[in-house]
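S.K.: Got a sequence here, can you build the structure:
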Amino acid sequence: MRETMYIQAARALSAQGELLNDDLPVAGIEPVGNIFYFPPIDYSRWFGIMQLRRMSRLTRAGMAVAIETLRDAGIDKPDAIITGTGKGSLGDTEKFMESIRLHEEGTLNPSPFIQSTYNALNGLIGLHYQVDCYNTTYVHRGFSLEHALQDAQLLFREKRVAQALVGSFEEITAEHFGIKQKLGYWKSFPVRADELFHTSTPGSIAGEGCFFFALGKEPGRQPLAELADLRMLFEPSAAELEQEVHAMLADAQLRLTDIDVLVTGRSGDVRHDHYYDQMAALFNDATQLSFKQLSGEFDTAAGFALRMSANILARQQLPAAAHYAGIMHRPVKNLLIYNNYYGVQHAIYLLKRFEV
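M.R.: Below is the predicted model:
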């Protein structure tokens, strides 16, 4: 993706609880049992009692984040609704499967099944705004959000829409955590957020969250940032990864030293953090931030980084809880995000400060 899109608004709900105050806390919230859960909030400000009874934990959160994102952007009805998710609503999926077992495939409550489908949230957003626009969901593990963003970019290129609501959502459950614990995805001992990068052991900590972005081909009334480029690589070698970074910057007519802030998805997993070390070595002059000590690891964790980065460019402030290395000694004009999903799916984002 090499055509600029503008992030007109961005909202999130993660373990850091930033939906209500629209900002990250100075000191990050700690994981509970190596899991970052997004907190329960009062959804009555968005939905009535009867609506809430029919909504799952994840659809409530996703709907609230989507509504606030469009409100911030001043958009009454989205031209397109595009999301990405690696697992969708795990809670409803587990409820439905348990119901099948208990009732021996007899008469079942359809609600958990309906809300367990990957595109349930998209459908609810469309119903809420009473639109029948382009509406799709990508389920591509670590590339789910990136493919949603790429789809929006293609719609803009074809001049089919003027703006799009793009987002990602993920949920973790105790059962799913336990399954992936046995497969070696998580740390085998309790870890505090500030200890995550000093363990030198396999595994990370789990997370979840909902992230939405109002994107436009034009800046809109007050954009947060420009999304100038997005590159995806599947199982690249170290040389291929570095080559792609150089190609991205060359296309943008930038040098390595022009990157002011580098945001990485360093996760504390000794099996994969060497990719982040390699990337950090390229940008010695940049202030380095990390985000998975705040969000945890999950398929679409890049949504946390993208939303945080857009706010950094708009506000010219670095969140202290995300600091990893270096000192901010100049205005942030160019920001690079690098994230990989267990060393398999790699994504590189180039964001720029919006200047009139």
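S.K.: pLDDT weak spots in the stretch 101-250 of the chain?
M.R.: 112, 114-115 (pLDDT under 70).
S.K.: The nearest residue to Asp132 once chain neighbours are set aside: which element?
M.R.: Of all residues not flanking Asp132 in the chain, Gly126 sits nearest, at 7.0 Å (C-beta to C-beta, 6 or more residues apart in numbering). Any C-beta I mention is one placed from the backbone N, CA and C, and that applies to glycine too. Using DSSP states H and E, Gly126 sits within helix 120-129.
S.K.: What of Gly167?
M.R.: strand 163-170.
S.K.: List the contacts of the residue nearest to Asp132.
M.R.: Contact analysis of Gly126 by C-beta atoms under 8 Å, 6 or more residues apart in numbering lists 81, 132-133, 135.
S.K.: tell me the contacts of Phe211?
M.R.: 10-12, 14, 65, 145, 167-169, 300, 303-304, 306-307.
S.K.: same question for whichever strand or helix holds Arg71, mean pLDDT?
M.R.: Applying DSSP H and E as the criterion places Arg71 in helix 57-73. Across helix 57-73, the average pLDDT comes to 96.
S.K.: Just the buried residues of that helix, please?
M.R.: Judged by neighbour count using 16 or more other C-beta atoms under 10 Å, the buried positions of helix 57-73 are 57-70, 72-73.
S.K.: who wins for neighbours among the contacts of Gly126?
M.R.: Ile81 (26 neighbours; other C-beta atoms under 10 Å).
S.K.: From what I see, it and Leu165 are in contact.
M.R.: Yes - judged on C-beta atoms under 8 Å, Ile81 makes contact with Leu165 at a distance of 5.1 Å.
S.K.: which residues do these two both contact?
M.R.: What both Ile81 and Leu165 touch, as defined by C-beta under 8 Å, 6+ apart, is the set Ile125.
S.K.: coming back round to it: the helix holding Arg71 relative to helix 120-129, how many degrees between them?
M.R.: Helix 57-73 and helix 120-129 are oriented at 50 degrees to each other (axes from the mean of the first three to the mean of the last three C-alpha atoms, to 10 degrees).
S.K.: heads up, I number from 36, so please use that
M.R.: Yes, from this point I'll number from 36; that puts the last item at helix 92-108.
S.K.: same for helix 92-108, what does it pack against?
M.R.: strand 40-48, helix 125-137, helix 155-164, strand 198-205, strand 244-251 (3 or more C-beta pairs under 8 Å, 6 or more residues apart in numbering; DSSP states H and E).
S.K.: Any idea how many residues pack against Leu159?
M.R.: 20.
S.K.: ok, now which ones touch it?
M.R.: 90, 94, 97-98.
S.K.: nearest to Phe131, of those?
M.R.: Thr94 (14.4 Å; C-beta to C-beta).
S.K.: The closest residue to Val367 other than its chain neighbours and Thr172, how far apart?
M.R.: Computed as C-beta to C-beta, 6+ apart, the closest residue to Val367 that is not its neighbour in sequence is Asp295, at 4.6 Å. Distance, Asp295 to Thr172, by C-beta to C-beta, to the nearest Å: 34 Å.
S.K.: cool, His233 as well?
M.R.: 38 Å.
S.K.: In terms of neighbours, single out the busier of these two.
M.R.: Between His233 and Thr172, counted using other C-beta under 10 Å, Thr172 has the larger neighbour count: 22 against 10.
S.K.: pLDDT score assigned to the residue nearest to the spatial centre of the chain?
M.R.: In the chain, the centroid-proximal residue (C-alpha atoms, centre = their mean) is Gly338; its distance is 1.4 Å. pLDDT recorded at Gly338 is 98.
S.K.: Can you tell me how far it is from Ala357?
M.R.: Counting by C-beta to C-beta, the gap from Gly338 to Ala357 is 15 Å.
S.K.: Thr118 is in contact with Glu205, isn't it?
M.R.: No - under the criterion of C-beta under 8 Å, Thr118 makes no contact with Glu205, lying 10.7 Å away.
S.K.: Tell me who's in contact with the nearest residue to Pro66 once chain neighbours are set aside.
M.R.: Of all residues beyond its chain neighbours, the one nearest Pro66 is Ile240 (5.1 Å), with distances taken as C-beta to C-beta, 6+ apart. Residues in contact with Ile240, defined by C-beta under 8 Å, 6+ apart, are 66, 69-71, 221-222, 226, 228, 231, 302-303, 327, 331-332.
S.K.: Need those residues in JSON lines (columns: distance to Lys387).
M.R.: Formatted as JSON lines, the contacts of Ile240 follow (distance: C-beta to C-beta, whole Å):
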{"residue": "Pro66", "distance to Lys387": "33"}
{"residue": "Asn69", "distance to Lys387": "36"}
{"residue": "Ile70", "distance to Lys387": "35"}
{"residue": "Phe71", "distance to Lys387": "29"}
{"residue": "Trp221", "distance to Lys387": "35"}
{"residue": "Lys222", "distance to Lys387": "36"}
{"residue": "Val226", "distance to Lys387": "35"}
{"residue": "Ala228", "distance to Lys387": "30"}
{"residue": "Leu231", "distance to Lys387": "30"}
{"residue": "Ser302", "distance to Lys387": "26"}
{"residue": "Gly303", "distance to Lys387": "30"}
{"residue": "Lys327", "distance to Lys387": "24"}
{"residue": "Gly331", "distance to Lys387": "28"}
{"residue": "Glu332", "distance to Lys387": "27"}
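S.K.: That concludes my questions; thank you for your assistance.
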